[in-house]
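Undergrad: one predicted model, sequence on top.
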Amino acid sequence: MNETVFRYTRRQRLAVWASALGMAVWAGAVSVRAAGYLADGQTGSAVSLWLVLGLIPTVLFVPLAGMPTGWTRIDGEGLRTRGMTGRRRVAWRDIESIHALSGRGRNGSITQIGVTRTDGTSFLLPIPFSSGAIAGDPDFYEKLELMRREWKKHGGPGEE
């Protein structure tokens, strides 16, 4: 099999960038307000305002900015991922199951692909996923089935 790479859909990337931009604007507005407090000599208010309301969105912006560069790759040897939580590599023979997991996210329902290894540990793939109207992936279930077919062909249950 040739390598297949799953990336965020265009709509998912736009949603992430819109969130990141919103956080950056928020942090900038709070920083301007904190600067106003400093100019008035209210050092304590400025520092606490900026630390609580300005620094938190700034810290959250960093992983969000890198999120659209994530991917999941499948090939004849197994699957590899890169996302906000790092990189993973697992061979097909080390996979016990590949399944869809539905849950609640902060913007409604989200469906992700879960992988359970033969040693009992499990993890979620960063991509593909489908979440609501804005970040929905119309091809999510086709991608899941492609992964399952490759897994079965290369070492999963039902291998010939």
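TA: On my side now, so go ahead.
Undergrad: now do the end-to-end distance for stretch 71-88.
TA: 11 Å (C-alpha to C-alpha, to the nearest Å).
Undergrad: name the residues of that stretch that come out as buried.
TA: Trp71, Thr72, Arg73, Ile74, Gly78, Leu79, Arg80, Thr81, Arg82, Gly83, Arg88 (16 or more other C-beta atoms under 10 Å). Just so you know, the C-beta spots here come from the backbone N, C-alpha and C atoms, and that holds for glycine as well.
Undergrad: what's the answer for stretch 3-15, then?
TA: Phe6, Tyr8, Thr9, Gln12, Ala15.
Undergrad: now, the residues you listed that are in helices?
TA: If you go by DSSP state H, the buried residues of stretch 3-15 have Gln12, Ala15 in helices.
Undergrad: tell me the pLDDT of the residue lying closest to Leu101 once chain neighbours are set aside.
TA: With C-beta to C-beta, 6 or more residues apart in numbering as the criterion, Leu101 has its nearest non-adjacent residue at 4.4 Å, and that residue is Gly114. Predicted confidence (pLDDT) for Gly114: 94.
Undergrad: and Lys152, what helix or strand is that in?
TA: helix 140-153 (DSSP states H and E).
Undergrad: check Arg104 too.
TA: Going by DSSP H and E, Arg104 is in strand 95-105.
Undergrad: please consider this matter closed, and thank you.
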